Structures are given as structure tokens and as C-alpha cells.
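[1] here is the input, now give the coordinates:
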Amino acid sequence: MRHYKIAFVGLGSIGKRHLVNVCDYLKQHNDSYEVDLYRSGINKGLPEDIAPLVSNEFVYTDGPQDSYDVVFVTNPTSMHYETLDLFKGHTKSFFIEKPVFDKTEIDESLLNELKGIECFVACPLRFNPVLSYVRETIKLTDVIAARAISSSYLPEWRPGQDYRKCYSAHKDLGGGVGIDLIHEWDYLVSFFGMPEKCFNIQDHISNLEIDSDDIAIYIAKAGKTTIEVHLDYFGRKNIRLLELFMPDETISCDIINRKVSYLKSGETISFDFDRNTFHKKEIEHFFSIIRGEISNDNNLEQALNVLRLAKGEI
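    Model prediction:
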């Protein structure tokens, strides 16, 4: 049995999800915990399901009020860098929501200061059962070409919230489809490695009332594999696919509809899971890292390189 002193910085929708999943995970492993919450203000009130999980609330601008085993950085992307800097002397490890930063032009001396602290950057789609199947079953070195698409309609992402006011709509808050949907490049790099070269188009071309890019298209080469990626905020029918072209087969991996289809042989494999399944697996994976049981497979350097790729700098 272990006791974890944990801080959450920010409590948006993903922060709430992680908080519930972390507490459930620790309870299942008979570990105890204490959670401090840092927010822009402490007079906002907490949802009924969240309040019992929080021991203390603090104002973020007052700085760290204790030392922690883990700090979960789940505030807006534009604040991640300053949050790491603020808490670096007060924690043994960080869980950082993706993308790691909103820009790549940073003072990298902070990365050196964080060398002794385990820093893991979120990559939940890697734990989606469809993509886990790809990683564990398909010989990726045989893939000649890969094509990924993620298309969805930004105004429908967050029901009840004005899409024009969310961070995705604003470049200065870390919005823009290229980095907002960095999941695609994250899992593709984990499959095929970092591309040697990449061409891209990123622009705002729809009638969405945003100042961030709503389309990002890439063509890249990683080893012998050619990769195409299409990301957008304006697709009216949700699509999230990975297509793998191999010498003897073409494989369609439908992440939304939870199936893998071998188009030549006609075989289809279906998976039964809900969205929270892979978020839970990610939390389990993270705690295995900070317990020293497995290596960190998405550290700051890796995540920063993927961010550079997503922003078209590689």
C-alpha cells in the first residue's frame, strides 16, 4: 500500500476525467491519496462527484503550497510551460496533458532543470484498443504507406459551450487543429518513427468563427513508409481512420466505429469498449512509469519533437 500526495492544476473536462480515473485506479490498488486542486479562483464550487475527491483548493497564482508525488498539468496549453516552471521544485513527477506546449520557441533550459523529474505527456489514443491491436498484431515494418484522417465539427465538441470561447478557437491559447489533434502524429510516430521530411498545409478555410487553423494536411516519409495526415475542425460527420497499405493487404482501422477491416480478405475484427477505457489504461501506464516498472515512452523531448512536427517545423 502506498500513499500519494497529488496536485491537479486546472479542472476542465479532461482534468475531471483524469481526477476520477486516478482516484479509481488508486482505490483498486488499495493505495491512499490526498488531492490538492489549484485553480484560477477557489469560489467556483465543485461538481458533486468531484468535491469528495479533493482535500484542499488553492489559488494557482499563490504558487505551490506543498510538495507532491505527482502534479497533473491539466490547465490550458498556453500555461503548461509556466506551470512546469512553477512546480518543478515541488514534485517528483508530472503528468502533462497534450499538447505539451502551445509553441516550440521556448527557453529549453527548463528541460534541463526537469531532468531529475519524471515527466510524462498524455498520449491516450495509443491505448485505444483499435490502435493497440495495430501495434501488437500488424508487422508495421511491412507498411508501404499509411493514411490517417481525423475530421469533426468543432461546434459539437463541447455540448453546451460556445465553441468560439474555447481554447481550440484561439491560437494564442494553444488552439489550432494541427496541435489540438496531435494524437494522430503521436501514434504515427510511435508506429513508424519520426519522419525524415514532411510537407504541410495549415490554414483557416471554413466559416467557423475562430482565429486558429481549421485544417492541417501533411505528407511525410518515415523510413520506407509514406504517411498522409488530414485533420480538420469542420467535417460534419465524425471520421477517425487509419489506413495501412501493405504488399498483400489493405487494412482499415476505424477508431470511432471500433473495428479493423482487412479489405482484401474480407475479415473484420470488432472491439467493445467505451471512450474512458483507454484513458484508464493511460493512467495505469503512467503509474507504472513513476513506480519504475516500465520506461517513459513519451517524455518531454519526444513530445516536443512531435509538436514541432505537428506545427510543420520538421
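
[2] quick check on the closest residue to Glu267 other than its chain neighbours: phi, psi?
    Distances taken as C-beta to C-beta, 6 or more residues apart in numbering put Ser261 closest to Glu267, at 7.4 Å, once the chain neighbours are dropped. (Each C-beta comes from the backbone N, C-alpha and C, glycine too.) Phi and psi for Ser261, reported as degrees, to the nearest 10, are phi -120, psi 130.

[3] so what's the residue count around Ser261?
    Ser261 has 17 neighbours, counted by other C-beta atoms under 10 Å.

[4] where does the residue of the chain positioned farthest from its centre sit: helix, strand or coil?
    Here the chain reaches farthest from its C-alpha mean at Ser265, the gap being 33.5 Å by C-alpha atoms, centre = their mean. Secondary structure state of Ser265, per DSSP: H, G, I helix; E, B strand; the rest coil, is coil.

[5] for it, what are phi and psi?
    Here is the backbone geometry of Ser265 (degrees, to the nearest 10): phi -80, psi -20.

[6] direction included, what does the strand of greatest length in the chain pair against?
    Assignment by DSSP state E gives strand 234-245 as the longest strand of the chain. Strand pairing for strand 234-245, determined by DSSP bridges: strand 145-153 (antiparallel), strand 250-254 (antiparallel).

[7] average model confidence for the shortest one?
    Spelled out, it's strand 250-254. On average, the pLDDT along strand 250-254 is 98.

[8] likewise for the longest one?
    For strand 145-153, the mean pLDDT works out to 98.

[9] buried residues of that strand, list them for me.
    Neighbour-count burial for strand 145-153 flags Ala146, Ala148, Ile149, Ser150, Ser151, Ser152, Tyr153 (criterion: 16 or more other C-beta atoms under 10 Å).

[10] out of these, which comes closest to Gly160?
    If you rank the buried residues of strand 145-153 by distance to Gly160 using C-beta to C-beta, Tyr153 comes first, at 15.1 Å.

[11] the closest one: what's it in contact with?
    The neighbours of Tyr153, taking C-beta atoms under 8 Å, 6 or more residues apart in numbering as the test, are Tyr233, Phe234, Gly235, Arg236, Asn238.

[12] my read: the first one touches Leu208, true?
    Yes - Tyr233 is within contact range of Leu208, at 6.2 Å (criterion: C-beta atoms under 8 Å).

[13] ok, the buried residues of strand 145-153 vs His3, which is closest?
    Proximity of those to His3 was ranked by C-beta to C-beta; the top entry is Ser150 with 39.5 Å.

[14] what sits against Asp24?
    Under the criterion of C-beta under 8 Å, 6+ apart, the neighbours of Asp24 are Lys280.

[15] these two touch, right, the residue nearest to Glu267 and Thr250?
    No - taking C-beta under 8 Å as the definition, Ser261 is not a contact partner of Thr250, at 9.0 Å.

[16] quick revisit: touching, the residue farthest from the centre of the chain and Glu249? I think so.
    Yes - between Ser265 and Glu249 there is a contact under C-beta under 8 Å: 6.8 Å.

[17] ok so, going back, need the overlap of contacts for Tyr233 and Leu208.
    Shared contacts of Tyr233 and Leu208, defined by C-beta under 8 Å, 6+ apart, are found at Leu154, Asp214.

[18] more neighbours: these two, which one.
    Neighbour comparison, Tyr233 and Leu208: the larger count goes to Tyr233, with 28 against 18 (by other C-beta under 10 Å).

[19] what are the phi and psi angles of the more buried one?
    Per degrees, to the nearest 10, the backbone of Tyr233 is at phi -100, psi 0.

[20] list the contacts of it.
    Ser152, Tyr153, Leu154, Ser168, Val177, Asp180, Ser206, Leu208, Ile210, Asp214, Ile215.

[21] could you list the domains of this protein?
    Using automatic domain parsing, the domain parsing of the chain gives 3-121, 125-273.

[22] for this structure, just list every one of the strands.
    Here the chain has its strands, by DSSP E, at 3-9, 32-39, 56-59, 70-73, 93-96, 118-121, 145-153, 197-203, 215-222, 225-232, 234-245, 250-254, 259-262, 268-270.

[23] highest average neighbour count across the ones you listed?
    Among those, ranked by average contacts under mean count of other C-beta atoms under 10 Å, first place goes to strand 70-73 (a mean of 27).

[24] what are the ranges of the helices in this protein?
    Counting by DSSP state H, the chain has these helices, from start to end: 13-28, 80-87, 109-113, 129-137, 177-180, 183-192, 276-290, 300-310.

[25] out of those helices, deepest packed?
    Highest mean neighbour count among the helices of the chain (mean count of other C-beta under 10 Å): helix 177-180, with a mean of 27.

[26] so how far is it off the chain centroid?
    Counting by C-alpha atoms, centre = their mean, to the nearest Å, helix 177-180 is centred 11 Å from the centre of its parent chain.

[27] for that helix, give the mean pLDDT please.
    Mean predicted confidence for helix 177-180 is 93.
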